[in-house]
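Undergrad: task: produce atomic coordinates for the following.
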Amino acid sequence: MAVLQQPVNNSNPFGDVIGDDLAPAGTYVATVLDIKDEFGIQRQKYQSTEMETVDLTTFLFGFRDAQGTAHRVSSKRMKISGNEKSTLFGFLKGMLGHAPQYGWDYCTLKGKQCLLTVEHIQRRDGSGVFAAIASLSPVPAGYGGNAESVAPPQPVQAPPAAPSVASSAPQPAPTALAAPAAAPSSGDDPIPF
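TA: This next block holds a predicted model:
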């Protein structure tokens, strides 16, 4: 007798956002764009034919490559679990640089940055490769700042000499140091990273 079984949902909840874009392999400063939690999902237990109901979460990251092209990549779907051996716990620990605190809402990470390493993995059916997150780590202090927002150092001007009594020529007025260039406004940019 044939039994019709419910299909196992392995689809990426951010598949429509990412589309066909293959993020380049490498390490980038990435921003957490979104976090999607799914509750009551039916899936097959690991190394079993039994089905289970689980709660899952997926993170979406955005970054720009060296040419300034925007890319998006998502994590795999992870079971929402605080077990120290769980995938989500290890993922958050890598991203934060320390173990997450119990009772903390990880959705507060939206908009935060981290170092993200993208790798290309061969699809099981042999139809090409896909971009996956190989590792995460916190952004080191002073690393990854926007090049445009950091003004070049300004030369320090010596204060003008005090006019001498013998000199009747007018002295130039002291000049103020130039203000640092303002960072370009991201109000026009539809991509927030």
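Undergrad: hey, let's count contacts and neighbours off CA atoms from now on
TA: Noted.
Undergrad: what helices and strands are in contact with the longest helix along the chain?
TA: Looking across the chain with DSSP state H, the single longest helix is helix 87-96. Packing partners of helix 87-96 (3 or more CA pairs under 8 Å, 6 or more residues apart in numbering; DSSP states H and E): strand 78-79, strand 129-137.
Undergrad: among those strands, which is nearest residue 63?
TA: Evaluated over the helices and strands packed on helix 87-96, closeness to residue 63 peaks at strand 129-137, with 12.6 Å, by CA to CA.
Undergrad: looking at the helices and strands packed on helix 87-96, spot the one closest to residue 20.
TA: Nearest of the helices and strands packed on helix 87-96 (CA to CA): strand 129-137, 9.6 Å.
Undergrad: show me where pLDDT drops low in this protein?
TA: Residues of the chain meeting the criterion pLDDT under 70: 1-10, 144-193.
Undergrad: so which elements touch the longest strand along it?
TA: Longest strand in the chain, counting residues (DSSP state E): strand 26-44. Other helices and strands packing on strand 26-44, by 3+ CA pairs under 8 Å, 6+ apart, are strand 51-64, strand 113-122.
Undergrad: between the helices and strands packed on helix 87-96, which one is closest to residue 120.
TA: Residue 120 lies closest to strand 129-137 among those, at 4.7 Å (CA to CA).
Undergrad: and that closest one, what's buried?
TA: 130-133, 136-137 (16 or more other CA atoms under 10 Å).
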